[in-house]
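Asks: can you look at this prediction? I've put the sequence above it.
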2 protein chains.
Amino acid sequence: QVTGPSGEGTDAIVILEKTPFQEEKVSDLLKKHTKLELQMHNDIYSTYHLYPPPELSEIKTTVVYPATEKHLQKYLRQETHLIRETWEDYKNITLPFIQSQSFSIQWVYNILEKKAETDRIIHENPDPRDGFVLVPDFKWNQNQLDDLYLIALVHRREVKSLRDLTAEHLPLLRNILQEGKEAVAKRFGVPGSQLRIYLHYQPSYYHLHVHFTALGYDAPGSSVERAHLLADVIDNLAMDSMYYQKRALTFALRADELLLKKFQEAGR
Amino acid sequence: QVTGPSGEGTDAIVILEKTPFQEEKVSDLLKKHTKLELQMHNDIYSTYHLYPPPELSEIKTTVVYPATEKHLQKYLRQETHLIRETWEDYKNITLPFIQSQSFSIQWVYNILEKKAETDRIIHENPDPRDGFVLVPDFKWNQNQLDDLYLIALVHRREVKSLRDLTAEHLPLLRNILQEGKEAVAKRFGVPGSQLRIYLHYQPSYYHLHVHFTALGYDAPGSSVERAHLLADVIDNLAMDSMYYQKRALTFALRADELLLKKFQEAGR
């Protein structure tokens, strides 16, 4: 809790993350450590505690302030349960729930309108219907490619999630797949065959976006119960325009999430 | 390379690992940092670089010395690449490759024939066409439920992988989903809603099997480029019996895998 200007307690979320090693700094680590303590020695194997100087042990720190109750819940660790959502469940439970929530996506509009993060844009296709902006995700500090993480945010604003997609969106999705790969190869030298390109369902915000992560990076949210490969989405829509308005979709919800309660109340 | 007592160069392996945060030291991190730099600010979100003092950023260091060529190979990172395999690719490249290999799956037959691991069987449906055996995976020591991992091995022997499945296999797959969940709930008290139930493509052996892992466990091979939820597989086959003989499938191969070379030789 942080005391705000009004004197009232206001919550802040502070996220601390150790960052991957940078290859070019590994020899510095071995040379410039402040202390090296032998822990164990057995045959050809030994282990040590190494204490690096501060400049070689950056911690990525993210602050959300002021944080609402909803922000707090998002980051607390919780038991999770899988939901198998039919199209009827989506219409009757999930969609009304999404519409009743007012999670601000002003930060997305800030990026799309060039009011924030303008210098971070990696690629843009400005077409209002089939265009998008590609930016590094907040989670990536851009110091090393091991945990490369970018987000494509679409310019059109009425597409909430995978559930809204039809064949009408194929040109947009194909642009993201093709141009996104090209832009990442050009800027970061990472070929398309080493990128995991996918959507989340449920997404964490309801403005259509696509995740680009390094294939070697075990990115949070890349597991099968949440991620949908963009290439599969495109093939499914090409096969059946209404695929995502027919098919059941699985996703995990934390025990304290209101949407889980809605499913339970509906007897699902 | 380290110069040994003989004067000859001898290889050493040095493994550096950042260690998890210790909960009781998190407040120290926030108070005793040596520097805090603002990186980005947008709406309620901001990110910082935090540089901790050495004693709060221990690196676990393991040394293997002297290291043989085999030690070196074990620790060298292999690049992986995604393949998007069409049905034609499967017929022309993957299937001939699988058939040319003689991966022994005797251990699977030993389990199915009760010649091994008989006391480990959690559940069996003995039907030769639609039955299966459920056993704990080798990777799970059964000491805690956090990393619960079981495998369902089907009794029929001619189904190599996801690619062979048609609507004919629906009764088998539905048995695995239903009876597998019930057996895990009964034996381990873990409800079906907390199980991730999926197939791998490519699998590591070509006798059809289904993975059951704890939803909260970030199991290796549960990411979207390898895992296919059994519930999705069932729905896809119910919609189109030939779904897996039509659709392109994505999977990752390590740079040194022979199958990748086959795809490259075929110009894919």
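Replies: Looks like it came in fine.

Asks: C-alpha only now, for contacts and for neighbours.
Replies: OK.

Asks: all the strands of chain A, residue numbers only.
Replies: A:2-3, A:9-10, A:13-18, A:35-42, A:45-51, A:59-64, A:80-85, A:123-125, A:132-136, A:149-154, A:195-200, A:209-214, A:227-229, A:249-254 (DSSP state E).

Asks: rebuild these as CSV, extending it with mean neighbour count.
Replies: Converted to CSV, the strands of chain A look like this (neighbours: other C-alpha atoms under 10 Å in any protein chain shown):
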stretch, mean neighbour count
strand A:2-3, 12
strand A:9-10, 13
strand A:13-18, 16
strand A:35-42, 12
strand A:45-51, 19
strand A:59-64, 20
strand A:80-85, 18
strand A:123-125, 18
strand A:132-136, 23
strand A:149-154, 24
strand A:195-200, 25
strand A:209-214, 24
strand A:227-229, 21
strand A:249-254, 19
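
Asks: would you single out the least confident of those strands?
Replies: Among those, strand A:2-3 carries the lowest mean pLDDT, at a mean of 52.

Asks: was I right about residue A:228 contacting residue A:202?
Replies: No. Look at residue A:228 against residue A:202 with C-alpha atoms under 8 Å: they stay out of range, at 10.4 Å.

Asks: hang on, the earlier thing: reformat the strands of chain A as JSON lines; add distance to chain B.
Replies: Converted to JSON lines, the strands of chain A look like this (distance: least, C-alpha to the nearest C-alpha, whole Å):
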{"stretch": "strand A:2-3", "distance to chain B": "13"}
{"stretch": "strand A:9-10", "distance to chain B": "13"}
{"stretch": "strand A:13-18", "distance to chain B": "7"}
{"stretch": "strand A:35-42", "distance to chain B": "8"}
{"stretch": "strand A:45-51", "distance to chain B": "4"}
{"stretch": "strand A:59-64", "distance to chain B": "4"}
{"stretch": "strand A:80-85", "distance to chain B": "5"}
{"stretch": "strand A:123-125", "distance to chain B": "19"}
{"stretch": "strand A:132-136", "distance to chain B": "12"}
{"stretch": "strand A:149-154", "distance to chain B": "15"}
{"stretch": "strand A:195-200", "distance to chain B": "7"}
{"stretch": "strand A:209-214", "distance to chain B": "10"}
{"stretch": "strand A:227-229", "distance to chain B": "6"}
{"stretch": "strand A:249-254", "distance to chain B": "8"}
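
Asks: of those strands, which approaches residue B:69 most closely?
Replies: Closest to residue B:69 of the strands of chain A is strand A:45-51 (C-alpha to C-alpha; 15.5 Å).

Asks: give me the contact list for that closest one.
Replies: A:33-41, B:54-55, B:57-65 (C-alpha atoms under 8 Å, 6 or more residues apart in numbering or on different chains).

Asks: now do 6 Å
Replies: A:33-40, B:54, B:58-64 (C-alpha atoms under 6 Å, 6 or more residues apart in numbering or on different chains).

Asks: number of residues surrounding residue A:106?
Replies: 11 (other C-alpha atoms under 10 Å in any protein chain shown).

Asks: from residue A:195, how far out is the residue nearest to residue A:198 when sequence neighbours are not counted?
Replies: The shortest distance from residue A:198 to any residue other than its chain neighbours is 4.2 Å, reached at residue A:229 (C-alpha to C-alpha, 6 or more residues apart in numbering or on different chains). To residue A:195, residue A:229 is 11 Å away according to C-alpha to C-alpha, to the nearest Å.

Asks: bridging residues for the residue in chain A that chain B sits nearest to?
Replies: Of all residues in chain A, residue A:223 sits closest to chain B, at 3.8 Å by C-alpha to the nearest C-alpha. With DSSP bridges as the criterion, residue A:223 is bridged to residue B:223.

Asks: how close does it sit to residue A:243?
Replies: Applying C-alpha to C-alpha, the value for residue A:223 to residue A:243 is 21 Å.

Asks: the more surrounded of the two?
Replies: More crowded of residue A:223 and residue A:243, by other C-alpha under 10 Å: residue A:223, with 22 against 18.

Asks: output the below-cut-off pLDDT ranges for the stretch 151-268 of chain A.
Replies: In the prediction, the stretch 151-268 of chain A carries no residues with pLDDT under 70.

Asks: what does it have sitting close to chain B?
Replies: When proximity is defined as C-alpha under 6 Å from any C-alpha of the partner chain, the stretch 151-268 of chain A approaches chain B at A:193, A:194, A:222, A:223, A:224, A:227.

Asks: isn't the first one right up against residue B:83?
Replies: No. With contacts defined as C-alpha atoms under 6 Å, residue A:193 does not count as touching residue B:83, sitting 7.1 Å away.

Asks: distance between the ends of stretch A:117-130?
Replies: 21 Å.

Asks: quick one: that stretch to chain centroid distance?
Replies: 18 Å (C-alpha atoms, centre = their mean, to the nearest Å).

Asks: list of residues touching it?
Replies: A:131, A:132, A:133, A:134, A:135, A:155, A:156, A:172.

Asks: could you rerun that using 10 Å?
Replies: Contact partners of stretch A:117-130, identified using C-alpha atoms under 10 Å, 6 or more residues apart in numbering or on different chains, comprise A:107, A:110-112, A:114, A:131-137, A:150-157, A:168-176, A:179-180, A:182-184, A:186-188, B:40-42.

Asks: tell me the buried residues in that stretch?
Replies: By neighbour count on 16 or more other C-alpha atoms under 10 Å in any protein chain shown, the buried set for stretch A:117-130 is A:117, A:121, A:122, A:123, A:124, A:125, A:130.

Asks: ok, now which ones touch the residue nearest the centre of chain A?
Replies: Most central in chain A under C-alpha atoms, centre = their mean is residue A:211, positioned 6.3 Å from the mean C-alpha point. By C-alpha under 10 Å, 6+ apart, the contact list for residue A:211 reads A:134, A:136-137, A:149-153, A:195-200, A:221-222, A:227-230.
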